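Asker: heads up, no residue letters with this:
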């Protein structure tokens, strides 16, 4: 496994739309292992998307199980995810590995239904709520070239992060 470089805003690669995964093979599973290692090695994070490492494919990893008293599905590999329904709207603070200097308040659906494939191409159906729904929506935005900065409630809802130091492996590519 390898730790991949995480693209940092304003890298133009973060603004591109990803393509669907069509081949579910050992090379894909190796990349997913590297993506997971990157997520676990970097600053504390509940998710990562393939485009954050420069790979423009529709792959996200999410794991909110480390948040106390947060209902969750554990570690998830979501390939070609598609939101099939949503309910409610809530504001919450978000941060991002690719935007290390800021956090911000963003509207998200409170509950979502989703279909996605796993690393073997099998389709699964999920219902997410609360923080887990927020994390999934945040990571899925990366697949469409969106950052939480594009969804801020208002300009006043962006805040400089007080304590965050990106590892040397996370550098800005301009």
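Answerer: Okay, I see it. Keep in mind that this is a model prediction, so the values were computed, not measured.

Asker: Please report phi then psi for residue 93.
Answerer: phi -80, psi 140 (degrees, to the nearest 10).

Asker: which residues sit in contact with it?
Answerer: 103-106, 159 (C-beta atoms under 8 Å, 6 or more residues apart in numbering). (C-beta placed from N, C-alpha, C; glycine too.)

Asker: The protein: strands as residue ranges?
Answerer: 47-49, 59-62, 76-87, 90-96, 99-108, 111-117, 123-129, 158-160 (DSSP state E).

Asker: So which bits of the lengthiest helix in the chain are buried?
Answerer: In the chain, taking DSSP state H as the definition, the longest helix is helix 26-41. Using 16 or more other C-beta atoms under 10 Å as the test for burial, helix 26-41 gives 28, 31-32, 34-36, 38-39.

Asker: angle of it against strand 76-87?
Answerer: Interaxial angle, helix 26-41 versus strand 76-87 (axes from the mean of the first three to the mean of the last three C-alpha atoms, to 10 degrees): 80 degrees.

Asker: And helix 26-41, how far out from the chain middle?
Answerer: Chain-centre distance of helix 26-41: 14 Å, with C-alpha atoms, centre = their mean, to the nearest Å.

Asker: Any idea which residue is closest to the centre of the protein?
Answerer: residue 139 (2.4 Å; C-alpha atoms, centre = their mean).
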